Structures are given as C-alpha cells and as structure tokens.
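> Output the structure for:
(one chain, ligands or ions: 1)
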Amino acid sequence: MNTGATDFTARWAGIASSALAGLSTADFRTRWKALADSGVLAGVRDGPRGVVTDTLAAIEGLGIGGTSPGLCYALTSQHFGVQSPLRAAGSAAWAALSEGVERGDTLMCHALTEEGGGSDPLSMATRAEPANGGWVLTGRKAFVTAAPIADHALVFARTDVERTPFALSAFLVDLSSAGVSRSEPFPKKALTDVPMGAIDFDSVRLGPEQLVGREGAGLALLTTTTSWERGLLLGYALGPMRLVLDRTVEWARRRKQFGRPMGASHLVAGRLADMATLLHRSRTLIFAMAQRFDSGEPARRLASEAAMTKVSVSEDLLSFTQHAAALGGVRSFVSDTGLTADLTDAMAAAVYAGPNDLLRVSVARELGLPVEN
Ligand SMILES: Cc1cc2nc3c(=O)[nH]c(=O)nc-3n(C[C@H](O)[C@H](O)[C@H](O)COP(=O)(O)OP(=O)(O)OC[C@H]3O[C@@H](n4cnc5c(N)ncnc54)[C@H](O)[C@@H]3O)c2cc1C
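Okay, the predicted model is just below:
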C-alpha cells in the first residue's frame, strides 16, 4: 500500500473508533447506523483511487479501528453483494430504496438459500406467480444474514417450474409486507455479531416494479451478485487479520518461554512470517479485484477470477487463523483474552458465497474440463 493509502486507511480506523465509542454493548442496528453515518455505505468518493477500491480500503480501516468481524462482514456483504450489483442492474425498486440504504436507515439482506437447496439455486422451491399485473410470492428462505432485523430483502424465486437458466427471477421485497414473517435469530457460531435467520413468504403480494430486471433474469443477476461477493466479500477480514497479526507479534515479543522471548524461536518467527505473507497475498488479490471493478469490467466477465480469489483468500484466512491459534496457546480458546482465535469464522468463509469445492468445479470448467457440479 502506498503512503497516501495508509493515511487513508488510518483515517477510517479513527472514524471507527470514534463512531463506536461507548457502543460496545449497543445493538447491531445502532452500531450499523453509527458506522453508516461516516458515509461508507454510500461508497467512498473522496479517496485517492476508484470508489470500489477506496470503499474496500475504508472497510479495512474500520476493521483496524476495532469494528467487529461480524459487523465488517455485514457492511462488506451489503455494500458489495447487494448494493453494487443492484445499482448496476438499475431497477426502479432499487432507485426508490437506495438513498435509505446508503444512509444506513434501511438494512438489506440477500435471500437465496433454502433449507432444501443451498449450493444448487435451480432447485429452489420459493415461487412467484403472476397475479393482477404483479406477483404473489410463497416460500421460505433460510440461513440468511441479517434476516431477523433487515427491512428489505433481495429475494430469488422460481417463476418457471422447469430447471432452465431462465427459471428464476429476483424481487425487492419490503419485509413489513403482509404475509412476511421472520424467525428468531439462529444460534450461529460464526460471525456471531450479525444475526442470521429465516424468512417465510405466505402469498406476499408484489407490485410489478418489485421485479429486478426482467422475468427470468434471476440467475443472470445472481451471477453478478456472486461475482461481486466472491471478489470482494473476504475484504471484510483484512482489518481484523491486521489486528490479529499485530497482537500476535506483540505477544511473541512479550511472552517469555525457556528463558527468552517466544519470538526468538525460529519456528514461532516462521509462523508469524507466514501470517504476514497470507495477509499480504489476500490483500493483493482482493485489491486487484477492486481495481478491476473500478475499471468498469462487467461483473459476469470477472466470475472466474472472483471465484479463484474467494477460494484463495478464504483458505488463506483459515491458515492464518490456525497459526494465530497455535501461537496464542490456551488463550486462543478462551473469550476476551485478546488472543481468542475465531476458527469458525474462517471455516465459514469456505461455505458462504459458494462452497469452495463447487467454485473449484466452475474454475475447472472454465479451463475446458468436462466437469459438472
Ligand atoms: C456465515 C454464513 C452466512 C450466510 N449468509 C447467507 C445469506 O445472507 N443469504 C443466503 O441466501 N445464504 C447465506 N448463507 C448460506 C450459504 O449461501 C450456503 O450455506 C451455501 O450456498 C451452501 O449451501 P448449503 O449450506 O445448503 O450446502 P449444501 O448445498 O447442502 O452442500 C453441503 C456441502 O457439500 C458440498 N457439496 C455439495 N454438492 C457438491 C458437489 N456437487 N460437489 C462438491 N461439493 C459439493 C459443499 O462443500 C457444501 O458446502 C450463509 C452461510 C454462512 C455460513
């Protein structure tokens, strides 16, 4: 990173610490709004590079400033996985919502997964049927980040019974509509700061303007949302990784074992060097993706590189966390020691935004191999 960018990231770290001061026990929406007041959800337009790169660097700075990994994840997921592709799709429903979303007043979620089908979207059961010029939505989405507290959802539903690339459509749904109900938060183990849950749609009436794009264009929109997510979502972890690296270095310098600092052991020093390398590689890959988005390349053309970035960074995040866990000793497995290692967060990254093994299959298919999911 050049000096300007370092100053820039440090400025965002300062923004996080002052926005979140005194809010450590506040609920998710209060902390969300406090961070959104910085303008991060509107996209950072006064930085030294493009808006995607600078927003990513701002989120990295928010993480370095102490924003929890769950909150960093939720910000990154909504900004890049929902707002950016919807802005590119340019629907009327999004135009009406975008201002409130960018201010942090309206919280969105991305409702794709169902209990009966996660990896395979074309197997989804949720359906939207035409009625009175609009649609009637019926079904259940599950394991959706922010579902218990969100205001609106981007919902993918079947508008054709056949299993074809045009069977799905996408809708923007107001979650206060009649017929929508939400589960209690699921007791999840990863990224615990942001709730996850299910949404039931019981004959929910939708106007024609709530369709995003054309009928049957849901899978195409999903290719766009997943390219953004796979390319940039793991950016949420860059700030928290920096904090873990700094703390672990400090611990290895301070902790005395065998009559010398732990960091004087070549094996300990080697693990720390590996952690720095894993973080460097992850930053390099994700910021390279951000530059590609800034240069205006269409998301669908970046699908394969986004998949490779997601696989690489999620697996580097796990290796990085394993090194941190080994070096923290017992403190890695006890809360609030300053060295607690979130191995579950790192493992979850191999599952969301497309399980890594299925992404490997799609990369291999791009290479020309006759392999299907
Ligand atoms: C922290 C977190 C946040 C999430 N947030 C959201 C959200 O906001 N919105 C949303 O819609 N969903 C969300 N999800 C759900 C996520 O998208 C799904 O978990 C994912 O799509 C996989 O679906 P599944 O868990 O049902 O796995 P399944 O489809 O049941 O597959 C199980 C595992 O088997 C493997 N597998 C299955 N089939 C194959 C195959 N043919 N080849 C190789 N391997 C295979 C994969 O490794 C997969 O992980 C989230 C998940 C997590 C962990």
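
> Next up, the contacts around the closest residue to the ligand within the stretch 251-373 of the chain.
Going by CB to the nearest ligand atom, the ligand is nearest to Pro355 of the stretch 251-373 of the chain, at 3.3 Å. Yep, even glycine has a C-beta here, placed from its N, CA and C like the rest. Residues in contact with Pro355 (CB atoms under 8 Å, 6 or more residues apart in numbering) are Ser119.

> What segments of the stretch 101-250 of the chain are strands?
108-111, 127-131, 134-145, 152-158, 168-174, 180-182, 196-206, 211-212 (DSSP state E, counting those that start in this stretch).

> helix or strand for Leu358, which one?
Secondary structure from DSSP states H and E places Leu358 in helix 356-366.

> tell me the average confidence for that helix?
Mean per-residue pLDDT for helix 356-366: 97.

> Also stretch 240-251?
On average, stretch 240-251 scores 97.

> any idea which helix or strand carries the spatially most central residue of the chain?
Centroid-nearest residue in the chain: Ser77, 3.1 Å away (criterion: CA atoms, centre = their mean). Element membership of Ser77, judged by DSSP H and E, is helix 69-78.

> List the contacts of stretch 11-20.
So stretch 11-20 is contacted by 31, 34-35, 37-38, 40, 57-67, 239 (CB under 8 Å, 6+ apart).

> C-alpha coordinates for that stretch, PDB please?
This file holds the C-alpha atoms of stretch 11-20, laid out as PDB (Å, rounded to 0.1, in the frame of the first residue of the first chain):
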ATOM      1  CA  ARG A  11      -8.300   7.800   8.900                       C
ATOM      2  CA  TRP A  12     -11.000   5.200   8.600                       C
ATOM      3  CA  ALA A  13      -9.600   3.300  11.600                       C
ATOM      4  CA  GLY A  14     -10.000   6.600  13.600                       C
ATOM      5  CA  ILE A  15     -13.600   7.000  12.200                       C
ATOM      6  CA  ALA A  16     -14.500   3.500  13.500                       C
ATOM      7  CA  SER A  17     -13.100   4.100  17.000                       C
ATOM      8  CA  SER A  18     -14.900   7.400  17.400                       C
ATOM      9  CA  ALA A  19     -18.200   6.200  15.800                       C
ATOM     10  CA  LEU A  20     -18.300   3.100  18.100                       C
END
